Every structure is written in structure tokens, then in C-alpha cells.
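A.B. asks: sharing a model prediction with you, sequence too.
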Amino acid sequence: MKEAVTASILLLISFIMFALSFRSYKEKGFLLNNAYLYASEKERAAMNKKPYYRQSAIVFLLVGFVFLLNALATFYSAAWVSYVAGAVIIITLVYAILSSIVIEKKKQGEDDLNKSGD
């Protein structure tokens, strides 16, 4: 019984993550991304939000899979699934770091082009 409740909560969280991923993919609603959250009002107004929405969508999707895999591991008592979830966590962290670097480099390149064009 305890496993079923835990698995149900994990499934609910995974569905919430999938919904946030879909919303971010469609570029709808508030942008849940640190680059946007820490930006000033002036920076937010000038910011190209598309890469940040895309990054958030992919991260929410991967986190949703982690919760889904953990729910399956709990429900079916399959410990090996937890190892797969751990691998997805590592992939998510690597993606988040690398995509942030790529977005920042593209942003700096665009800023350099805009400055040279002025």
C-alpha cells in the first residue's frame, strides 16, 4: 500500500513536469529559467526568450522521465530502474550546463555583431 501511494505521488509529479515541459515548448506562460529570473527588467525586455524556453522544456521533460522511472521502480520493486533514472539525472545536469554555455556564447556573439553594426 505504501509503495502504491509513493508511486502515485511520483506519477503525479512526473505529469506536472511533462505539462511544464509542453508549456515551455509552446513558449506559453511564465519562463521558469534562472537566466530569465535573475535578469533585470531591462534585460528581460531585450532578451530572446526562445532558447531559454527550449532549454526549460527539455529539462522539464527529462525531470519528468526521472520521476516516471522512479514511480515505476517503486511500483514494480525494480531497483535496476533507479539506475536508469540516475543516468537520466546525469544527462539532465550535463545538458543543462552545456546548453547554458552554448546559449551564453550565442548571446555574446549576437551582442558583438550588434555592437560592430552600430
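C.D. replies: Received it, and whenever you're ready, just let me know what you need.

A.B. asks: surely residue 36 touches residue 52?
C.D. replies: Yes: applying CB atoms under 8 Å as the test, residue 36 and residue 52 come out as touching, 5.6 Å apart. C-beta here means a position set from N, CA and C on the backbone, and glycine is covered the same way.

A.B. asks: give the contact list for the most centrally placed residue in the chain.
C.D. replies: Closest residue to the average C-alpha location of the chain: residue 59 at 2.0 Å, with CA atoms, centre = their mean. By CB atoms under 8 Å, 6 or more residues apart in numbering, the contact list for residue 59 reads 92, 95-96.

A.B. asks: re the thing from before, neighbour count winner among residue 36 and residue 52?
C.D. replies: Neighbour tally, residue 36 and residue 52, criterion other CB atoms under 10 Å: the higher count belongs to residue 52, 23 against 16.

A.B. asks: and the helices in this structure?
C.D. replies: Ranges of helices in the chain, per DSSP state H, are 2-25, 34-37, 41-46, 50-76, 79-117.

A.B. asks: hey, which of the ones you listed is tucked in deepest?
C.D. replies: helix 50-76 (a mean of 19; mean count of other CB atoms under 10 Å).

A.B. asks: mean pLDDT added to the helices of the chain, as a markdown table?
C.D. replies: Converted to a markdown table, those look like this (pLDDT from 0 to 100):
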| stretch | mean pLDDT |
| --- | --- |
| helix 2-25 | 95 |
| helix 34-37 | 88 |
| helix 41-46 | 88 |
| helix 50-76 | 95 |
| helix 79-117 | 88 |
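
A.B. asks: residue 82: which of the contacts of residue 59 is nearest?
C.D. replies: Distance to residue 82 across those (CB to CB) is lowest for residue 92, with 15.1 Å.

A.B. asks: can you tell me the closest non-neighbouring residue to the closest one?
C.D. replies: Among residues not flanking residue 92 along the chain, residue 62 sits closest, at 4.2 Å (CB to CB, 6 or more residues apart in numbering).
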